[in-house]
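**Q** Just the structure for this:
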Amino acid sequence: MMYENLKDELLSTVDSGLKYARTVDNEAEFELYLFYQNRAVVNITQGVVEASEGIVKGNAVRVASQNSVSFASSSGISIDRIRRSVSEAMASLRSVSIKDERFSGFCTPEKPGREGAFTREILDLSKEELIDYAGCVVKEGQEFDRRIKTVGSECSAEWGGFAVGNTQGLQQSSRSALNSCEVYCIAVNGEERRASYEFDTTRERLINTGGLGKKAAQRAISLLGAKKLSATTVLPTIWEPRAASAYILFSLGQSVRGEHVVEGRSPIADKVGEEIASPKLTITDNGQNPSGINTEAIDAEGHPQKKTTIIDRGELSQFLFDTYYARIHNSESTGNCSRRARATTSYETSPFIRPKNLEVKPGSKNLDSLIATTDEQAILIADAPLGLRHSNVSTGEFSAVAQNVFLVENGDKKWPLQPVSVSGNFYIGFKQLLNIGGDLTKTVFAVETPTLVFDGFSVVG
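**A** Numbering: from 1, shown residues only. The predicted model follows:
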C-alpha cells in the first residue's frame, strides 16, 4: 500500500468486511478494526548491528448480541482473514454465558478530527540510513570520554494507519508517521557504573541525531562520584521533565481513566469541580496536538480525538472516556479509546482507555532558577524513578528508586547521589506542588511537561 491511498484501501476493505459480517448474522452488531504498519528498526548493542524491516497488518472483530460481547483477531487484512475473525468472534459469542447489561452499542458516527503533522521524508527513510544514524550516535558517545565503556542505540521509522467500521454506520480511518532515535551510555569508574540516555522522537521532521551521543555521555559522566545520602528525611524533590512525565502518567494518567472512575478504583472519581492540586497546575490531554506522537483523526473505536482539560488551575475538570464507559457514567466519549498495549500490536488487544498526549502548562522559571530558590536541602531527580509504574492507583501511594539524582543545598546543585528511595502519595503531592518550571519538554511517555517541584516526600539513602 502507498501512504496516499492507505485510508481509501482500508476503508474499502472495512466496508466489504462489514457486508460479509451482516450475512453471517444480520441482527448482531459488528465492529471491524484494521491495522497496517510499515516499520524499520536498527539496534546497535556492543558493536553488534541488528536491523529489520517489514509490514505488520491485522484485523480485530467485536460482535455484540443481547448484551453479550466477544472479540477475535488475526494477522492480515484480506477478506479471508477478516472472515476468519468474524467466525471466531461468532463462535466465542455463542459460548458466552455472561451478559454485560451495561453494554449499549458501539461508537456512533461523528465528524473526525485532524491527523497529526506529517513529513514525507519519513516514508523514504531506509534501513541503511537508520544504520548510519545509529552508528553516528554510538561513535559520538564512545569518543566523548574514556570512562564511557558501553554505548548502544536504537533508531526506527514507521508509517501506517488504521480504519474502524461498525454496523452503526461508522467508517473512519487515520494515518501517521514517526521516526525516533535513542542512545544510552554507561560510564565506568572503578567499581562505579552509571547510565543515562538521550532521545529524539518526532513525526514532523527527520530525527536530529547530532549531539545525542555526546549528551547521553555527558549525563552518564556527570553521575560518577556519587555520594551516599546519609539521612532518612522528608525533603523537597525537584523532578526534571523526564521524571515529572512519569509522575504525571502513572498517577493522574491512571486515575482519570474512565474504567477506574466507573469501577470505583479512582480516589478522585467524585471530585469533579473540586480543587485536587495546586492552583499553579493545569493539565490537558491533547489528542489533536499536531506534533503529539499519539495524535490521530480518530481513536481506536472511530470517535474523533479531542483536547480535554483534566485539571484547570488545580480544579478537577474532566475524566477520559471511551464510548462504553462514557455511557455508563452518563458522559460523552473524549476520544481516548486505544488498542496499543505493551508487547502487543494494536489489533491483538481489545479496546481500553488511555491518555493520548498529556500536556502540563509551564511556568516561567528555568531549572537553574528553580534550584536557586530552594532553601536548605532538596533532591534533584533527573530521570524516571524505577517502580512508579507499579504504584497503587486506588490509594496514590508510591515508592520508587531514583537512580539519577543530585543533592541540592542552599540554592546550589552539589553532587550526584547514590540511588535513593522516594515515597509518598501522588495526590497529596499535587496539593503540595511548590513550583512549575518553564522548561517544557516532550518525553518518551507522550507527556509534555516542565520541571515540577514537590514538597513532603520521604527520601531514603
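**Q** Show the pLDDT at the nearest residue to V151 once chain neighbours are set aside.
**A** Of all residues not flanking V151 in the chain, G141 sits nearest, at 3.9 Å (Cβ to Cβ, 6 or more residues apart in numbering). Any C-beta I mention is one placed from the backbone N, CA and C, and that applies to glycine too. Per-residue pLDDT puts G141 at 97.
**Q** Strands along the stretch 301-450 of the chain, start to end?
**A** 307-312, 315-316, 337-338, 352-353, 358-360, 377-381, 397-402, 405-409, 412-417, 420-425, 433-436, 441-442, 447-449 (DSSP state E, counting those that start in this stretch).
**Q** and whichever helix or strand the residue nearest to V151 is part of, what does it pack onto?
**A** G141 belongs to helix 127-144 when assigned by DSSP states H and E. With contacts taken as 3 or more Cβ pairs under 8 Å, 6 or more residues apart in numbering; DSSP states H and E, helix 127-144 sits against strand 29-45, strand 48-65, strand 148-166, strand 171-189, helix 212-222.
**Q** Identify all contacting residues around the next helix or strand after the last one.
**A** It stands for helix 212-222. Sequence order places strand 232-239 as the next helix or strand after helix 212-222, per DSSP H and E. Residues outside strand 232-239 that contact it (Cβ atoms under 8 Å, 6 or more residues apart in numbering): 247, 367, 370-371, 374, 377-381, 408, 422, 434, 451-461.
**Q** Could you chop the chain up by domain?
**A** The chain breaks down into these domains under automatic domain parsing: 3-222, 232-460.
**Q** Just put the ones you listed in TSV and tack on mean neighbour count.
**A** As requested, those are exported to TSV (neighbours: other Cβ atoms under 10 Å):
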stretch	mean neighbour count
domain 3-222	18
domain 232-460	20
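**Q** S350 reaches S338, doesn't it?
**A** No: counting by Cβ atoms under 8 Å, S350 does not reach S338; the two are 10.6 Å apart.
**Q** Direction-wise, compare the helix holding G141 with strand 48-65 and give the angle.
**A** 120 degrees (axes from the mean of the first three to the mean of the last three Cα atoms, to 10 degrees).
**Q** Contacts for helix 127-144 next, please.
**A** Residues contacting helix 127-144 (Cβ under 8 Å, 6+ apart): 40-44, 49, 51-53, 148, 151-157, 181, 183, 185, 207, 209, 211-214, 216-218, 221.
**Q** Nearest residue to A187 in space, please, no chain neighbours.
**A** A187 sits nearest to A220 (Cβ to Cβ, 6+ apart), 3.9 Å away.
**Q** how close does the one you found sit to L18?
**A** According to Cβ to Cβ, to the nearest Å, A220 and L18 sit 53 Å apart.
**Q** Repeat that for V137.
**A** 46 Å.
**Q** now E27
**A** 14 Å.
**Q** now swap in V460 and tell me
**A** For V460, the distance to L18 - Cβ to Cβ - is 57 Å.
**Q** show me what contacts the closest residue to S16 other than its chain neighbours?
**A** Excluding the flanking residues, the one nearest S16 by Cβ to Cβ, 6+ apart is I79, at 5.8 Å. By Cβ under 8 Å, 6+ apart, the contact set of I79 is T13, S16, G17, Y20.
**Q** so the last one sits right up against S85, yeah?
**A** No: the criterion here is Cβ under 8 Å, and Y20 misses it with S85 at 10.6 Å.
**Q** Now do the phi/psi pair for S85.
**A** Main-chain torsions, S85, degrees, to the nearest 10: phi -70, psi -40.
**Q** do S333 as well
**A** phi -60, psi 140.
**Q** Could you verify my assumption that it touches T323?
**A** Yes: applying Cβ under 8 Å, one finds S333 in contact with T323, separated by 4.9 Å.
**Q** what residues do those two have in common as contacts?
**A** C107, H303.
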